[in-house]
Structure formats: C-alpha cells, structure tokens
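Engineer: model the following, please.
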Amino acid sequence: MDRELTHPQVIELLREHLAGMHAESPPDKVHALDLGALRQPRITFLTAWRQGNDDGQADHQLVAFGAIKELDPLHGELKSMRTTARHLRQGAAQAILTELLAIAARRGYARVSLETGSTHGFEPAMAMYRRFGFVETGPFADYPVDPFSRFMTLKMV
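Structural biologist: Residues are numbered from 1 along each chain as shown. Model (predicted):
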C-alpha cells in the first residue's frame, strides 16, 4: 500500500481528485482524504492500472483508485474514488468498486456507506453507486446533516 501511495501517478491523481472536490464544494465541506489520511491503518487503498499506451509503448498508466475505511467491525465507508479523465466511463471505477465491495464482504461488513457531494458534478458517481444497489440515507459516523453532502448505504448480503 505505501508503495502505491508514493507513486507519482497516484500522487498526481490524488491532487486532481482533491482539486476537483474543492471546485465542486465549499472548502469546509470537502471530506476527501489527502495522502497522509489515506495511510491510516483502517484504510485499504486500491489502484487500477492499464498496461501499454495508445502508441503501443510498454508502460503502466494509473486509471483509477479508491479506498475503504473500517468504521467498525460491521461497517465500512468508501473513500477517495477517482478515475482519470482519460479513462472515464471505461469500467475502471466499477472494477475498483467491485473489489472494494468484495473486501467488505470478506471482512463481514453488514453495510458499506459513503458520503459524496450534492452538486451536479457528483451525479455520474451517484448513478454508478445506485447501479450497485446503494440507496440514499442520512448521515452516518460523525458526518452532520449538510446540504453539500449526500449519503448512501449498501446493505451487504
């Protein structure tokens, strides 16, 4: 995990992610995790990479990342989901989300929740979460009721 969090492509996409969150929400309403916060022991961070590029050259390109945080032994929270602009709507976020939910199932979580923004820019993410069965709910953990936040939960089977 630490190796991935030191990779230049991961650091750059995380910067892009945080800038995007701040562009869509007031500064005091952004709940995205920075590099240091992603290193917490209760957080599992995943990346998705693509081998090769469009020119046929052998290299590795970061396409997406995401994390899951253990809130308690039965409850996980999705954090820091992001896909590179170049790879949007190609299945990378779905692959990350699928693996994060598999981790949640192996850990025995009864539910997985998430907080995301409420502005128009968050609608594609909300649509993906709905396709996976997440439903809108109220705040969880220590989140307050906030017009800039939307909350969703998936009950695990």
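Engineer: can you pull out the helices in the chain?
Structural biologist: 2-6, 8-24, 35-38, 92-107, 123-131 (DSSP state H).
Engineer: from the contact counts, what lies against the shortest one?
Structural biologist: When you say that, I think you mean helix 35-38. Under the contact criterion of 3 or more C-beta pairs under 8 Å, 6 or more residues apart in numbering; DSSP states H and E, helix 35-38 touches helix 8-24. Where you see a C-beta, it was placed from the backbone N, CA and C, and this is true even at glycine.
Engineer: picking up where we left off before, looking at the helices of the chain, which one is packed in the most?
Structural biologist: helix 92-107 (a mean of 17; mean count of other C-beta atoms under 10 Å).
Engineer: ok, back up a step: nearest to Val157 among the helices of the chain would be which one?
Structural biologist: helix 92-107 (8.2 Å; C-beta to C-beta).
Engineer: what packs against the closest one?
Structural biologist: Using 3+ C-beta pairs under 8 Å, 6+ apart, helix 92-107 sits against strand 43-51, strand 60-72, strand 75-83, strand 111-117, helix 123-131.
Engineer: right, and those - which one's nearest Val157?
Structural biologist: Of all the helices and strands packed on helix 92-107, strand 111-117 comes closest under C-beta to C-beta, at 10.6 Å.
Engineer: got the contact list for that closest one?
Structural biologist: Strand 111-117 is contacted by residues 21, 24-25, 29, 31, 68, 71, 74-79, 100-101, 104, 122, 125-126, 129, 134, 137, 139-141, 143, 148-156 when judged by C-beta atoms under 8 Å, 6 or more residues apart in numbering.
Engineer: same deal with stretch 89-108?
Structural biologist: With C-beta under 8 Å, 6+ apart as the criterion, stretch 89-108 contacts 44, 46, 48, 63-68, 70, 73-74, 76, 78, 81, 83-84, 112, 124-125, 128-129, 132, 154, 156.
Engineer: quick one on the thing from earlier: now render the helices and strands packed on helix 92-107 as JSON lines, adding distance to Leu14 and mean pLDDT.
Structural biologist: Converted to JSON lines, the helices and strands packed on helix 92-107 look like this (distance: least, C-beta to C-beta, whole Å; pLDDT from 0 to 100):
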{"stretch": "strand 43-51", "distance to Leu14": "10", "mean pLDDT": "89"}
{"stretch": "strand 60-72", "distance to Leu14": "8", "mean pLDDT": "93"}
{"stretch": "strand 75-83", "distance to Leu14": "7", "mean pLDDT": "92"}
{"stretch": "strand 111-117", "distance to Leu14": "17", "mean pLDDT": "94"}
{"stretch": "helix 123-131", "distance to Leu14": "16", "mean pLDDT": "93"}
